[in-house]
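Engineer: okay, here's the prediction I keep looking at, along with the sequence it came from:
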Amino acid sequence: MLAWESYVEAQALRAQGWTISAIARHLGVTRVTVRRYLSGEHTPGQRARSAPDPFEGFAEYCRLRLGADPHLWATTLFDEVTALGYAGSYPSFTRALRARELRPACEPCRSGKTSQRAVIAHPPGAETQWDYLELTDPPAHWGFAGSAFVLLGVLAHSSRWRGWITESLDQPHLIEGLDQVVGRLGGVTRRWRFDRMSTVCHPGSGRLTVSFGPVAVHYRVGIDICPPRHAWRKGAVEKSAHVIAQRWWRTLADDTTLAGAQAGLDRICARLDGRRRADADGGKTTVGALAEAEPLRAAPAPLPAVLSVERTVSEQALVAFRGNRYSIPPGHTGEIVTVRHQLGTPALDIATARGVALAHHLRSPDGAGALVRLDEHVAAMTRVVLAEFTDRAPCPRKHRRPPTADALAEADRIRHAQAGPASGEQVVIDFDAYASGTRPLRGRAHTGETSGQDGRESS
């Protein structure tokens, strides 16, 4: 095999008029080798196989299988050719597939994965794009079951970003997030764009759900659902999710409260309003300036949806919700209760899993760290705690307490019952007890048998 250095040298010497023999002597190889490389029969840097290729006999089968099914897994195809007698390894098999380019390209998949992007022009105030960002491994003291989520809203014209942290993807939490993000964006655009989330539309058909229709009517917006398999159709909000995940969530400290995290998210979104942009005249401006110039409608009052979350009762008969703790009557420690709050109202209710009402509280601001206790709950908890107190001295733990006489007698009885009567031991039977427990024989059969026996004895 000739390396590229030797091949280049042979080409240069041949161009200078050297003979094949002279070049072979100069490079220290045979004339046949020089002739094959100069003629293009061999490729520099590639060694010819000395043994036959074990894949050669299966190449046509693989071409036919992959031509009929371009998405056929290589592992599945490897199992098939192995059953047919292929003796090579799986890495050699996949390398042969790539070298021969046996897998055809799938045009629908290729068109959906293009790296080219076209910027869609959005007039001011025309569209808001919405999407969820999943936040894995939230701080444990937030009390979220599993992941946390950020509902992101982006003004498509100016690229202003705002977000709201939530613990659930259900529709009431979505409605709350829409109200919170709209207020942070500064108003409502003419249309909203969603992907095929089940709380907005039916994922299969893209038609609005019956429960989300009143939400759109309440905000007086048109709804656009992204078509399936259209990557980056909501490019602005998808980019915001990528930036917020890397620049905010990855650096969030473990001891950050939920209210502190929301405040940090608001700060970074406001700081990113300073991103440079070009205005309509080609001059320099910022995202914040473009957003302030957008014609947005004022946000209406919150839609009265009812939030419902589950919480575990603490030993102090307290239930945590949004950075505050609320009291319930004692006797429910460790139970799962439901906290309900209607948007736009100042109160919340706590009930058992079966719907029995436990408490009704005025809600404190989120993240205030307030401890809200009702007087009747405090009194009931005090009575329970005081009832458990006693003036008796605690039981001594190190005194000797051997088995009592009754316990020893019972132990002897158990041992005798398990061991059975010993050899030579006389068994005494109380005849009166035996006679009283025996049922007397009655009936004609027994009577005749007895008289017959008596007759035989008399004869």
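Structural biologist: Nice, thanks for sending it over.

Engineer: so where's the stretch 301-450 of the chain shaky on pLDDT?
Structural biologist: Low-confidence segments of the stretch 301-450 of the chain, defined by pLDDT under 70, span residues 421-429, 433-434, 437-450.

Engineer: 50 - rerun?
Structural biologist: Along the stretch 301-450 of the chain, segments meeting pLDDT under 50 span 445-450.

Engineer: can you pull out the strands in it?
Structural biologist: Applying DSSP state E, counting those that start in this stretch to the stretch 301-450 of the chain gives strands spanning 306-312, 318-321, 324-327, 336-342, 347-352, 357-362, 371-372.

Engineer: and the second one, what other elements does it pack with?
Structural biologist: Contacts defined by 3 or more CB pairs under 8 Å, 6 or more residues apart in numbering; DSSP states H and E place strand 318-321 against strand 306-312, strand 324-327, strand 336-342. Every residue, glycine included, has its C-beta placed from N, CA and C.

Engineer: starting at the chain centroid, how far to the last one?
Structural biologist: Read it as strand 336-342. Computed by CA atoms, centre = their mean, to the nearest Å, the chain-centroid distance of strand 336-342 equals 23 Å.

Engineer: tell me which residues in it are buried?
Structural biologist: 337, 338, 339, 341 (16 or more other CB atoms under 10 Å).

Engineer: the second one and residue 356 touch, don't they?
Structural biologist: Just to be clear, that refers to residue 338. No. Using CB atoms under 8 Å, residue 338 is not in contact with residue 356, being 10.2 Å away.

Engineer: what helix or strand is the residue nearest to residue 44 when sequence neighbours are not counted on?
Structural biologist: Among residues not flanking residue 44 along the chain, residue 7 sits closest, at 3.7 Å (CB to CB, 6 or more residues apart in numbering). Assigned by DSSP states H and E, residue 7 belongs to helix 4-15.

Engineer: so what touches that helix?
Structural biologist: Outside helix 4-15, the residues within contact range by CB atoms under 8 Å, 6 or more residues apart in numbering are 2, 22, 23, 26, 27, 29, 34, 37, 38, 44, 45.

Engineer: ok, which pair from these is furthest apart?
Structural biologist: Farthest apart among these by CB to CB are 22 and 45. That separation is 23.5 Å.

Engineer: for the nearest residue to residue 343 once chain neighbours are set aside, give me its contacts.
Structural biologist: Leaving aside its chain neighbours, residue 343 sits nearest to residue 302 (4.3 Å; criterion: CB to CB, 6+ apart). Applying CB under 8 Å, 6+ apart, we find residue 302 in contact with 175, 176, 179, 343, 344.

Engineer: got a quick PyMOL command for the buried subset of these?
Structural biologist: What follows is the PyMOL syntax selecting those of the contacts of residue 302 that are buried according to 16+ other CB under 10 Å:
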select buried, resi 175+176+179+343
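
Engineer: now the helix or strand where residue 63 lies: buried residues?
Structural biologist: Assigned by DSSP H and E, residue 63 falls within helix 59-68. Across helix 59-68, burial judged by 16+ other CB under 10 Å covers 62, 63, 65, 66.

Engineer: contacts only, for the first one.
Structural biologist: Shown in contact with residue 62 (CB under 8 Å, 6+ apart): 77, 81, 97, 102.

Engineer: could you redo the last one with a cut-off of 10 Å?
Structural biologist: Listed by CB atoms under 10 Å, 6 or more residues apart in numbering, the contact partners of residue 62 are 55, 72, 74, 77-78, 80-81, 86, 93, 96-97, 100, 102-103.

Engineer: the last one now?
Structural biologist: By CB under 10 Å, 6+ apart, the contact set of residue 66 is 72, 74, 77, 97, 102, 103, 104.

Engineer: mind checking how far residue 134 is from residue 165?
Structural biologist: Noted for residue 134: a distance of 12 Å to residue 165, by CB to CB, to the nearest Å.

Engineer: same question, residue 253
Structural biologist: From residue 253 to residue 165 the distance is 15 Å (CB to CB).

Engineer: between those two, which one's more packed in?
Structural biologist: Applying other CB atoms under 10 Å to residue 253 and residue 165 shows that residue 165 carries more neighbours, namely 21 against 9.

Engineer: just confirm that one is within a strand.
Structural biologist: Yes. Residue 165 forms part of a strand when assessed by DSSP: H, G, I helix; E, B strand; the rest coil.

Engineer: that one against residue 147, yeah?
Structural biologist: No. Between residue 165 and residue 147 there is no contact under CB atoms under 10 Å: 11.3 Å.

Engineer: if I look at the two, which residues touch both of them?
Structural biologist: Common neighbours of residue 165 and residue 147 (criterion: CB under 10 Å, 6+ apart): 135, 138.

Engineer: need the overlap of contacts for residue 134 and residue 165.
Structural biologist: 148, 149, 150.

Engineer: so after the helix holding residue 63, what's the next helix or strand?
Structural biologist: Using DSSP H and E, the helix or strand that follows helix 59-68 in sequence is helix 74-83.

Engineer: what's the helix or strand following that next one packed up against?
Structural biologist: Counting by DSSP H and E, the next helix or strand C-terminal to helix 74-83 is helix 90-100. Using 3 or more CB pairs under 10 Å, 6 or more residues apart in numbering; DSSP states H and E as the contact test, the elements touching helix 90-100 are helix 59-68, helix 74-83.
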